[in-house]
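Enquirer: Attaching a predicted model along with its sequence, questions to come.
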There are 2 protein chains.
Amino acid sequence: MSARAIPYRPHNHDACVSQALTDARTICQRQNARLTPIRERVLELIWQSHKPLGAYDVLAELSSDGHNAAPPTVYRALDFLQQHGLVHRIASLNAFIGCTHAGESHTGMFLICRACGNVLELTAPEVSTEVRKAASGEGFRPETTTLEIAGLCPRCQSEPGHD
Amino acid sequence: MSARAIPYRPHNHDACVSQALTDARTICQRQNARLTPIRERVLELIWQSHKPLGAYDVLAELSSDGHNAAPPTVYRALDFLQQHGLVHRIASLNAFIGCTHAGESHTGMFLICRACGNVLELTAPEVSTEVRKAASGEGFRPETTTLEIAGLCPRCQSEPGHD
DNA sequence: GCAAAATTTGAAACATTATAACATTTGCAG
DNA sequence: CTGCAAATGTTATAATGTTTCAAATTTTGC
């Protein structure tokens, strides 16, 4: 899977989205998973925003597509996408974002800008290592890690109120 | 503030709760904050469980007290308690737990057992350091960290299905 | 003490997020 | 083509959280 631009900097986002979709198709094929039209469309909608999208935001987009969907449709698609590592759920926001490391095994860490709402997904092996150490120091066997940092992204530290 | 037993091991929980309340009173006094009866009662209810309690769980307890409370009452109390570092919200569970490091400046890290539901709050300076490093490596200024590890506690690794 | 101001609580309605349950359709293997 | 499993549609409902405004209480300045 190819490298991607970071959200804080302008980039050709259409290309970025279509690359994500292409990658997703490959990943699903490898996993014998069916990336159905709905699932693909939901993934696309989520990718079109670098900001996390709530399930009901996705639902609204689907509706404006003319697709008359109910909540379970969206939640099921999101479950599927999560299970196959294509999107992440941001617990502190009740929202979803496209995974920028799909296909690679990774533990996501999210930098969430409270001003512009953009989210950067990071892989920080040192952090994971320390987390594992801390957990095993307590005899705890970790399975899933939720690591979300809210704060100010570089851009919003200088020019507040950005998008 | 005194040391506390860890939730995985049996201990005199009543004493543990009343200690937490005593500490809370001291802390609020120092901060010129009003630990009103409702707030204190909510804190007590939360402390009586080592497992995180949802806002509506608290609400139900209040009702069985005879206190006819509405959701905002609980959420307001919880906001207050959070702001003064007396409880933490566990984002991945939509629930609240008493802070075992109240009064000390700390970044909480939570070990959540998916089998028994107990939660251990940890302070891991090495983790915080690595998180800070990772964030500043991206030029990001962190403000609040959500770090929640789900897995199996020592006890549930050997005897599953506990508590 | 006392009145004005600020904080806290009560109460009703509402908004948002998520799931349950069951019917229907679609894709695929034999 | 048939029958099974997976996916989707549909309706209803549960769980979580907020807005708003009114009433009561506490604090503060005098």
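Expert: Perfect, thanks for sending it. Just so we're clear, the structure is a prediction, and the values are computed from it rather than from any experiment.

Enquirer: tell me the pLDDT at the residue nearest to residue A:63 when sequence neighbours are not counted?
Expert: In this structure, residue A:63 finds its nearest non-sequential neighbour in residue A:69, 6.7 Å apart by CB to CB, 6 or more residues apart in numbering or on different chains. Yep, even glycine has a C-beta here, placed from its N, CA and C like the rest. The model reports residue A:69 with a pLDDT of 94.

Enquirer: Then the one 4 residues further on?
Expert: Taken from the predicted model, the pLDDT recorded for residue A:73 is 98.

Enquirer: Equivalent analysis for the one 10 residues further on, please.
Expert: With respect to pLDDT, residue A:83 scores 96.

Enquirer: how much space between it and residue A:77?
Expert: Distance, residue A:83 to residue A:77, using CB to CB, to the nearest Å: 11 Å.

Enquirer: More neighbours: which of those two?
Expert: residue A:77 (24 against 11; other CB atoms under 10 Å in any protein chain shown).

Enquirer: Is that one in a helix, a strand, or coil?
Expert: helix (DSSP: H, G, I helix; E, B strand; the rest coil).

Enquirer: ok, it - contacts?
Expert: For residue A:77, the contacting residues are A:38, A:39, A:42, A:43, A:58, by CB atoms under 8 Å, 6 or more residues apart in numbering or on different chains.

Enquirer: what's the closest non-adjacent residue to it?
Expert: residue A:42 (4.1 Å).

Enquirer: and the helix or strand where the one you found lies, which residues are buried?
Expert: Using DSSP states H and E, residue A:42 maps to helix A:37-47. Buried positions in helix A:37-47, judged by neighbour count with 16 or more other CB atoms under 10 Å in any protein chain shown: A:38, A:39, A:40, A:41, A:42, A:43, A:44, A:45, A:46, A:47.

Enquirer: what's the angle from the longest strand along chain A to strand B:141-152?
Expert: For chain A, the longest strand by residue count, based on DSSP state E, is strand A:141-152. Inter-element angle recorded for strand A:141-152 and strand B:141-152: 160 degrees (by axes from the mean of the first three to the mean of the last three CA atoms, to 10 degrees).

Enquirer: Give me the distance from the next helix or strand after strand A:141-152 to the chain's centre.
Expert: Using DSSP H and E, the helix or strand that follows strand A:141-152 towards the C-terminus is helix A:154-158. With CA atoms, centre = their mean, to the nearest Å as the basis, helix A:154-158 stands 22 Å off its chain's centre.

Enquirer: just checking, what packs against helix A:154-158?
Expert: Here helix A:154-158 touches no other helix or strand, going by 3 or more CB pairs under 8 Å, 6 or more residues apart in numbering or on different chains; DSSP states H and E.

Enquirer: Flag every buried residue along it.
Expert: For helix A:154-158, by 16+ other CB under 10 Å, it's A:154, A:155, A:156.

Enquirer: Could you do stretch A:89-103 as well?
Expert: Along stretch A:89-103, these residues count as buried under the neighbour rule (16+ other CB under 10 Å): A:89-93, A:95-103.

Enquirer: And the furthest pair within the residues you listed?
Expert: A:92 and A:103 (25.2 Å; CB to CB).

Enquirer: So which bits of chain A are right by DNA strand D?
Expert: Residues of chain A found near DNA strand D (CB under 7 Å from any atom of the strand) are A:33-34, A:36-39, A:67-73, A:76-77, A:80.

Enquirer: try 6 Å this time
Expert: Chain A comes close to DNA strand D at residues A:34, A:36, A:38, A:39, A:68, A:69, A:70, A:71, A:72, A:73, A:76, as judged by CB under 6 Å from any atom of the strand.

Enquirer: which among the buried residues of helix A:154-158 gets closest to DNA strand C?
Expert: Among the buried residues of helix A:154-158, residue A:156 lies closest to DNA strand C (CB to the nearest atom of the strand), at 21.7 Å.

Enquirer: That closest one - nearest residue in space that isn't next to it in sequence?
Expert: Of all residues not flanking residue A:156 in the chain, residue A:115 sits nearest, at 3.7 Å (CB to CB, 6+ apart).

Enquirer: returning to what we had before: spit out the contact partners of the residue nearest to residue A:77.
Expert: Taking CB under 8 Å, 6+ apart as the test, what residue A:42 contacts is A:58, A:62, A:74, A:77, A:78, A:81.

Enquirer: Make a ChimeraX selection of the buried ones in those.
Expert: Here is the ChimeraX command that selects only those of the contacts of residue A:42 that count as buried (16+ other CB under 10 Å):
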select /A:58,62,74,77,78,81
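
Enquirer: Just confirm yes or no for the longest helix along chain A near DNA strand C.
Expert: Longest helix of chain A, by residue count under DSSP state H: helix A:13-30. No. If you take CB under 6 Å from any atom of the strand as the test, helix A:13-30 misses DNA strand C, and the best it gets is 11.1 Å.

Enquirer: Stretch A:60-72 too?
Expert: Yes. Using CB under 6 Å from any atom of the strand, a contact is recorded between stretch A:60-72 and DNA strand C, made by A:71, A:72.

Enquirer: what distance separates that stretch from the centre of its chain?
Expert: 20 Å.

Enquirer: List the buried residues in it.
Expert: For stretch A:60-72, by 16+ other CB under 10 Å, it's A:61, A:62, A:69.
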